[in-house]
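Asks: quick one, what's the 3D model for this:
(2 chains)
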2 protein chains.
Amino acid sequence: MSTQQPPSTTPPADAAPDPSVLAELREMRDSIDNIDAALVHLLAERFKCTQRVGRLKAGHGLPPADPERETRQIARLRALAASAHLDPAFAEKFLTFVIDEVIRHHRAIADDLQERHQS
Amino acid sequence: MSTQQPPSTTPPADAAPDPSVLAELREMRDSIDNIDAALVHLLAERFKCTQRVGRLKAGHGLPPADPERETRQIARLRALAASAHLDPAFAEKFLTFVIDEVIRHHRAIADDLQERHQS
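Replies: Numbering: from 1, shown residues only, chains lettered A, B, ... in the order given. Alright, predicted model coming up:
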């Protein structure tokens, strides 16, 4: 970096950040923490729903996975993401991440029911 | 059900499911779809916050990742998950999944700023 006026507005990485910058960072992080609490509670509610679906499916011999429904869910969430300015590819990755966990739960419910019927 | 019947309540997997079961399944899926729409909109809002954090960090030479904050976030979300009857291990996996995406965004913002300063 030159001793003359450098074009960069970025201070060196080891400089102590401005207290007002840290205050702004803290405020944004408070919002992120609030959103995360809401996300966790919604996810808890979602798994309550999918646990009920899992018991219903297992009790009536329906398969745990449903690829056609998943395809519709992905298309819908990608469209919702686009309208909310969220990367649709991320929304799809997120849904796949959640559905993988749900299928794991459904298999566990089905195995548990089968074991109880066999014992 | 007669007392002669076997104790299993699971019909064979190839039997057509009861219409009332399908109606119940549909109703649960409607709730899941509503929750998913809420999740996508909250995630969009979360990324808006983290994009702002990313620009602030890059503009003041702060590092994109912050392992200490992540450790606090994970502990907090695990506790919130437990109180909401969500598997804390899943809540942690979820946060890591989201933070990985955020760090990818922060690196892109930092690279972009650096490129602009160099050009």
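
Asks: every contact and neighbour count from this point should use C-alpha atoms.
Replies: Noted.

Asks: what residues of stretch A:30-37 count as buried?
Replies: Of the residues in stretch A:30-37, those buried under the neighbour-count criterion (16 or more other Cα atoms under 10 Å in any protein chain shown) are A:32-33, A:35-37.

Asks: no no, stretch A:34-48
Replies: Neighbour counts using 16+ other Cα under 10 Å place A:35-47 of stretch A:34-48 among the buried residues.

Asks: how about these in JSON lines, adding pLDDT, secondary structure and distance to residue A:101?
Replies: Converted to JSON lines, these look like this (pLDDT from 0 to 100; DSSP: H, G, I helix; E, B strand; the rest coil; distance: Cα to Cα, whole Å):
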{"residue": "A:35", "pLDDT": "98", "secondary structure": "helix", "distance to residue A:101": "22"}
{"residue": "A:36", "pLDDT": "98", "secondary structure": "helix", "distance to residue A:101": "19"}
{"residue": "A:37", "pLDDT": "98", "secondary structure": "helix", "distance to residue A:101": "20"}
{"residue": "A:38", "pLDDT": "98", "secondary structure": "helix", "distance to residue A:101": "19"}
{"residue": "A:39", "pLDDT": "98", "secondary structure": "helix", "distance to residue A:101": "16"}
{"residue": "A:40", "pLDDT": "98", "secondary structure": "helix", "distance to residue A:101": "15"}
{"residue": "A:41", "pLDDT": "98", "secondary structure": "helix", "distance to residue A:101": "16"}
{"residue": "A:42", "pLDDT": "98", "secondary structure": "helix", "distance to residue A:101": "15"}
{"residue": "A:43", "pLDDT": "97", "secondary structure": "helix", "distance to residue A:101": "11"}
{"residue": "A:44", "pLDDT": "97", "secondary structure": "helix", "distance to residue A:101": "12"}
{"residue": "A:45", "pLDDT": "97", "secondary structure": "helix", "distance to residue A:101": "14"}
{"residue": "A:46", "pLDDT": "97", "secondary structure": "helix", "distance to residue A:101": "11"}
{"residue": "A:47", "pLDDT": "95", "secondary structure": "helix", "distance to residue A:101": "9"}
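
Asks: and the residues you listed, which is closest to chain B?
Replies: Among those, residue A:44 lies closest to chain B (Cα to the nearest Cα), at 4.9 Å.

Asks: any low-confidence regions in chain A?
Replies: With pLDDT under 70 as the threshold, chain A has low-confidence stretches at A:1-15.

Asks: for the residue nearest the centre of chain A, give its distance to residue A:66.
Replies: Computing the C-alpha centroid of chain A and ranking residues by Cα atoms, centre = their mean puts residue A:94 first, at 4.8 Å. As defined by Cα to Cα, to the nearest Å, residue A:94 lies at a distance of 17 Å from residue A:66.

Asks: whichever strand or helix holds the residue nearest to the centre of chain A vs helix B:88-118, what angle?
Replies: Secondary-structure assignment from DSSP states H and E places residue A:94 in helix A:88-118. Helix A:88-118 and helix B:88-118 meet at an angle of 170 degrees, taking axes from the mean of the first three to the mean of the last three Cα atoms, to 10 degrees as the criterion.

Asks: check which helices and strands helix A:88-118 is in contact with.
Replies: The elements that helix A:88-118 packs onto, with contact taken as 3 or more Cα pairs under 8 Å, 6 or more residues apart in numbering or on different chains; DSSP states H and E, are helix A:19-59, helix A:67-83.
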